[in-house]
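[1] Here is a sequence together with a model predicted from it:
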There are 2 protein chains.
Amino acid sequence: MKTYYECFPCFMKQALRTLKHFTTGDSKHDEMIIRDILHVLGDMDFTMSPPEMTREIFDIVEKYYGKTGDVYFHEKRSSNKYILDMYSELEEFIVKSEDHFDTAMRLAITGNIIDFGANSEFLNEQIHKEIDNALKYQDLDSGLLKGEIDKAKNILYIGDNAGEIVFDKLFIEQLQKEKITYTVRGRHVLNDALMGDAKMVGMTEVVNVISSGSSFPGTVLKDCSKEFVEKFNEADLIIAKGQGNYETLSDVNKNIIFLLRIKCPVVARDIGHKVGGFYAGRKN
Amino acid sequence: MKTYYECFPCFMKQALRTLKHFTTGDSKHDEMIIRDILHVLGDMDFTMSPPEMTREIFDIVEKYYGKTGDVYFHEKRSSNKYILDMYSELEEFIVKSEDHFDTAMRLAITGNIIDFGANSEFLNEQIHKEIDNALKYQDLDSGLLKGEIDKAKNILYIGDNAGEIVFDKLFIEQLQKEKITYTVRGRHVLNDALMGDAKMVGMTEVVNVISSGSSFPGTVLKDCSKEFVEKFNEADLIIAKGQGNYETLSDVNKNIIFLLRIKCPVVARDIGHKVGGFYAGRKN
């Protein structure tokens, strides 16, 4: 999906959010960076996908502050821990449901709300409300994904954020795990899950986990590692979580099922579904 | 109030909203303008107030499209008409209430939701919900304003948007009208009310109406007409509606009571009240 003009306010929001993680409180320095981000945005290639734009902005902020560490590290650890603490409660939802696959898939999509990129405040108390919404959501059918998973021999499941990865693990526990390879990002960007998160939440004990080799908050194939691209090409089914993966893979000709919470009008329009909706399907 | 970094996503939103009013559908031309806006924002004087920044962005869009007419004209007329059609219903709220002044003031603040600058969608059906909220809102006391109006001999009431001006008229009908001068903007900008709106809704039949002589979506005194500044200086009480007037007058040393719905975290922080709150008071 290309970048639309409506994405620019969001780029600014993401830049400011990232700035807050980096700032030393020197407002003149912060001002210089804001100015630079605005000029860089003004000169950017607008045919890039939103996650590519986001990465460039993130790079400017990192470069100016001279920090190369993972500034979202503690937030990501907290998200993982919070959802891990709910693990048995979430398992109960699945065990007690009539359709374990459907419930687990709905929970996996719910996990996608844990996205500091699109929502500034990750409010713990909202999670239960979101789970309730997801379990009741009418316009969501797990049949397509179930059929594709049953048919597939080699599934690549591309993860998204920390915290959310725990929901992914719950879902994957319901599937034929030997068919599945799970993917995390190759380098820190926003709150996207890395190999350390996969280890922390025990995903590595459940399925084979690989890195995309890329630091984009999505899956930009030309930037991914050779190993990842091979896995991607070999797979007969890709399950891609979240808006970042949708925005970067929606134009790729491959058997991809997207699982996401639709958080903005641009993606809603592109996918043909409403903002706030839960989605499990192909690009229309 | 100075511009904060958090204002930049909103500037982009306003620019895009304005662009939608001007665009001829030539996406290359639109792209050039978006790029120019980003560069202009990157070079702007960040000590300006948000309405001054908004005006500059509006100017770029007007300049590039070569249109100098009032692109919000029809929206403004519709807003006025919609609220005029509710006039007797709104009067009923006041007549049937225990405290006419308090109810009329609450309605006047409610009118401030009709702001295309801060809310992209002006949904008619929301008005009743907002009225209900305003009438029940706990943390709002009309005592200060009532006392100041009773004491004052010469009141300058600075309006804000079209549609909202009808609510202002309802409020002013409850006051000693001979003490009051009402102000509209001097030139079109966003959906701000002009003299034509004051005439359309009959405000000119109720009180003396003057123009600020300025085209900023707020009250930037150095840009206002000599006539307006004299009126401003002579007044012993200023009633200023909406965020734009707050943002441009909050640092002016004068007896000013602000009436507004708080629509963003920046103003909320500056005023010391919560987002979504109704406010009638001085700058704290």
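    That came in fine, so what should we check first? Numbering: from 1, shown residues only, chains lettered A, B, ... in the order given.
[2] roughly how far out does stretch A:63-73 sit from the chain middle?
    Distance of stretch A:63-73 from the chain centroid (Cα atoms, centre = their mean, to the nearest Å) equals 20 Å.
[3] Ok, stretch A:12-25 next?
    Taking mean C-alpha positions (Cα atoms, centre = their mean), stretch A:12-25 and its chain are 20 Å apart.
[4] How about that stretch and chain B, any contact?
    Yes. Using Cβ under 8 Å from any Cβ of the partner chain, stretch A:12-25 reaches chain B at A:12-13, A:16, A:19. C-betas here are computed from N, CA, C, even on glycine.
[5] Reformat those as JSON lines; add secondary structure, neighbour count and pLDDT.
    Below are the residues of stretch A:12-25 next to chain B laid out as JSON lines (DSSP: H, G, I helix; E, B strand; the rest coil; neighbours: other Cβ atoms under 10 Å in any protein chain shown; pLDDT from 0 to 100):
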{"residue": "A:Met12", "secondary structure": "helix", "neighbour count": "26", "pLDDT": "91"}
{"residue": "A:Lys13", "secondary structure": "helix", "neighbour count": "19", "pLDDT": "90"}
{"residue": "A:Leu16", "secondary structure": "helix", "neighbour count": "21", "pLDDT": "89"}
{"residue": "A:Leu19", "secondary structure": "helix", "neighbour count": "19", "pLDDT": "88"}
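[6] Can you tell me the closest non-neighbouring residue to A:Leu41?
    B:Leu38 (4.9 Å; Cβ to Cβ, 6 or more residues apart in numbering or on different chains).
[7] where does the one you found fall, phi/psi-wise?
    phi -60, psi -40 (degrees, to the nearest 10).
[8] three-state assignment of A:Arg55?
    Following DSSP: H, G, I helix; E, B strand; the rest coil, we place A:Arg55 in the helix state.
[9] burial measure for the closest residue to it other than its chain neighbours, as a count.
    Closest residue to A:Arg55 apart from its sequence neighbours, by Cβ to Cβ, 6+ apart: A:Phe216 at 4.9 Å. Neighbourhood size, A:Phe216 [other Cβ atoms under 10 Å in any protein chain shown]: 27.
[10] A:Phe216: what's it in contact with?
    Shown in contact with A:Phe216 (Cβ atoms under 8 Å, 6 or more residues apart in numbering or on different chains): A:51-52, A:54-55, A:185, A:189, A:223, A:244, A:248.
[11] okay, the residues you listed in CSV with pLDDT and distance to A:Tyr87 next?
    Below are these laid out as CSV (pLDDT from 0 to 100; distance: Cβ to Cβ, whole Å):
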residue, pLDDT, distance to A:Tyr87
A:Pro51, 95, 29
A:Glu52, 94, 34
A:Thr54, 92, 30
A:Arg55, 91, 32
A:Arg185, 98, 23
A:Val189, 93, 26
A:Asp223, 96, 33
A:Gly244, 96, 25
A:Thr248, 97, 30
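[12] which residues touch A:Asp141?
    A:Ala280.
[13] Would you mind measuring from it to A:Lys151?
    17 Å (Cβ to Cβ, to the nearest Å).
[14] from the residues of stretch A:12-25 next to chain B, which single one is nearest A:Ile83?
    A:Lys13 (24.2 Å; Cβ to Cβ).
[15] Excluding covalently adjacent residues, which one is nearest to the closest one?
    A:Lys13 sits nearest to B:Pro9 (Cβ to Cβ, 6+ apart), 4.7 Å away.
[16] which residues touch that neighbour?
    A:9-10, A:12-13, A:16.
[17] does it sit in a helix or strand, and which one?
    Under the criterion of DSSP states H and E, B:Pro9 resides in helix B:8-22.
[18] can you check A:Asn80 too?
    Under the assignment here (DSSP H and E), A:Asn80 is part of helix A:73-85.
[19] Can you tell me what sits against the lowest-mean-pLDDT helix or strand in chain A?
    Here the helix or strand of chain A ranked lowest by mean pLDDT, DSSP states H and E is helix A:124-136, holding a mean of 86. With Cβ under 8 Å, 6+ apart as the test, helix A:124-136 has contacts from A:82, A:86, A:90, A:93, A:97, A:103, A:106-107, A:109-110, A:113, A:140, A:278.
[20] Please verify my assumption that A:Val201 contacts A:Asp85.
    No. Counting by Cβ atoms under 8 Å, A:Val201 does not reach A:Asp85; the two are 11.4 Å apart.
[21] burial count for A:Gly277?
    Neighbour number of A:Gly277 under other Cβ under 10 Å is 18.
[22] ok, now how distant is A:Ile37 from B:Ile239?
    A:Ile37 is 39 Å from B:Ile239, by Cβ to Cβ.
[23] For the nearest residue to A:Ala235 once chain neighbours are set aside, grab the count of nearby residues.
    In space, and not counting its chain neighbours, A:Ala235 is closest to A:Leu156: 3.9 Å by Cβ to Cβ, 6+ apart. A:Leu156: 25 surrounding residues under other Cβ under 10 Å.
[24] send the alpha carbons of the stretch of helix or strand A:Leu156 belongs to over as PDB?
    Counting by DSSP H and E, the element that carries A:Leu156 is strand A:155-158. This file holds the C-alpha atoms of strand A:155-158, laid out as PDB (Å, rounded to 0.1, in the frame of the first residue of the first chain):
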ATOM      1  CA  ILE A 155       3.200 -21.600   6.800                       C
ATOM      2  CA  LEU A 156       5.100 -18.400   7.500                       C
ATOM      3  CA  TYR A 157       3.500 -16.400  10.300                       C
ATOM      4  CA  ILE A 158       4.800 -12.900  10.400                       C
END
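[25] returning to that earlier point: of all the contacts of A:Phe216, which comes closest to B:Ile60?
    Among the contacts of A:Phe216, and counting by Cβ to Cβ, the member closest to B:Ile60 is A:Thr54, at 25.3 Å.
[26] Give the buried residues for stretch A:268-284.
    A:268, A:270-271, A:273, A:277-281 (16 or more other Cβ atoms under 10 Å in any protein chain shown).
[27] should've said stretch A:9-28
    Buried, per 16+ other Cβ under 10 Å, within stretch A:9-28: A:9-16, A:18-19, A:21-23.
[28] With distance to A:Lys231 added, can I get these in TSV?
    Below are the buried residues of stretch A:9-28 laid out as TSV (distance: Cβ to Cβ, whole Å):
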residue	distance to A:Lys231
A:Pro9	36
A:Cys10	30
A:Phe11	30
A:Met12	35
A:Lys13	33
A:Gln14	29
A:Ala15	32
A:Leu16	36
A:Thr18	30
A:Leu19	35
A:His21	31
A:Phe22	33
A:Thr23	38
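[29] for these, which one is nearest B:Lys263?
    Of these, the one sitting nearest to B:Lys263 (Cβ to Cβ) turns out to be A:Pro9, at 14.9 Å.
[30] So for A:Ile37 and B:Ile239, which sits in the more crowded spot?
    B:Ile239 (29 against 26).
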